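Q: Fold the following, please.
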Amino acid sequence: MHHKGKIIFFQKTAKSVREVFTIKHKHSIQTHRTITIGICGSSHRTGVTTVALAFSTFLSSGTHKWVGCVELNNSGAFSAIGGQSNPASFRKCGIDFFPAATLSAMDRLQHEKYDVLVIDFGVLTRHTFSAFRQCDLCLVLGYVNPWNSQIYRNWVDHVFHSNDYNQSEIILLGNLSNLGDIRHFQHDYGLRAIAVPFVENPFQLSSGNWKFIERTLERNQYTTKLLFSGR
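A: Got it, this is the predicted structure:
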């Protein structure tokens, strides 16, 4: 990611991600900057929208951040969530939603004082790949189970082997994967992956969902410390 500026270290008294988020930094005078979390899938129907909603809920309800959730694809999933036909935006469960947004709209939203923008990229295109790579936290979803992992493996081969990226920049997520499949995938590629648990309702997260999000955020120390700094 963008390793700029001095990193503020975790407060020693914090026991979890949620606790750190609630710590007040009364003397912080840092300039506001919106943190961007980009989520994409190696293929369609890998659970990108569900994970984007879960992260938005965690950050809004659990850490009291002002969150915008941006749909940077043409799936139409956000309109269904809002229950309206082609809305420009709507609010649900304390989160501002922006269906079928454009790159220019996403750029504009980064200057509207949101604490965090969670961006649902769907499947990346040549037009959105650069925007995804510029996010503070980049998450990729795919299936790592042996009978359904070839598309994900092709994606990893293309992105990691044909470009100068490392896993501090892109975090791999295995949707509905057991630990055995995750370990096999990691062994084959020498890349760490995080198993995504079943999310029954992304607006009402289970304890397992919360722990997964905490664990994922902790994997990228730069972004996490920006979020924790109480900007």
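
Q: can you count the residues close to residue 65?
A: Neighbours of residue 65 under the rule other Cβ atoms under 10 Å: 18. Bear in mind the C-beta positions are built from the backbone N, C-alpha and C, glycine included.

Q: Revised request: answer the last question for residue 135.
A: Neighbour count for residue 135, taken as other Cβ under 10 Å: 23.

Q: element containing it?
A: Counting by DSSP states H and E, there is no helix or strand that carries residue 135.

Q: mind listing what it touches?
A: 1, 36, 37, 38, 119 (Cβ atoms under 8 Å, 6 or more residues apart in numbering).

Q: Could you check how far it is from residue 86?
A: To residue 86, residue 135 is 26 Å away according to Cβ to Cβ, to the nearest Å.

Q: taking the contacts of residue 135 one by one, which sit in strands?
A: Cross-referencing the contacts of residue 135 against strands under DSSP state E gives 36, 37, 38, 119.

Q: And stretch 63-73, what's buried?
A: Buried residues in stretch 63-73, counted by 16 or more other Cβ atoms under 10 Å: 63, 65, 66, 67, 68, 69, 70, 71, 72, 73.

Q: Quick one: the residues you listed as JSON lines, columns for distance to residue 32 too.
A: Shown next, in JSON lines, are the buried residues of stretch 63-73 (distance: Cβ to Cβ, whole Å):
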{"residue": "63", "distance to residue 32": "16"}
{"residue": "65", "distance to residue 32": "12"}
{"residue": "66", "distance to residue 32": "11"}
{"residue": "67", "distance to residue 32": "14"}
{"residue": "68", "distance to residue 32": "14"}
{"residue": "69", "distance to residue 32": "19"}
{"residue": "70", "distance to residue 32": "18"}
{"residue": "71", "distance to residue 32": "24"}
{"residue": "72", "distance to residue 32": "22"}
{"residue": "73", "distance to residue 32": "27"}
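
Q: which of those lies closest to residue 212?
A: The shortest approach to residue 212 among these belongs to residue 63, at 15.2 Å (Cβ to Cβ).

Q: Just give me the residue right at the centre of this structure.
A: Geometric centre of the chain, nearest residue: residue 37, 4.2 Å, by Cα atoms, centre = their mean.

Q: these two touch, right, that residue and residue 136?
A: Yes. Residue 37 lies in contact with residue 136 (Cβ atoms under 8 Å); the separation is 6.8 Å.

Q: Identify the contacts common to those two.
A: residue 223.

Q: returning to what we had before: what's the closest of the ones in strands among the contacts of residue 135 to residue 143?
A: The closest of the ones in strands among the contacts of residue 135 to residue 143 turns out to be residue 38 (Cβ to Cβ; 19.5 Å).

Q: Identify the residues contacting that closest one.
A: 119, 121, 131, 132, 135, 137, 138, 139.

Q: can you tell me which of those residues are in strands?
A: Here DSSP E is the test, and the contacts of residue 38 give 119, 121, 137, 138, 139 as lying in strands.

Q: and the third one, what are its bridge partners?
A: Read it as residue 137. Beta-bridge pairing of residue 137 under DSSP bridges involves residue 37.

Q: those strands in this protein, which residues are they?
A: With DSSP E as the criterion, the chain has strands at 35-41, 67-71, 90-92, 95-98, 116-123, 137-142, 170-175, 193-196.
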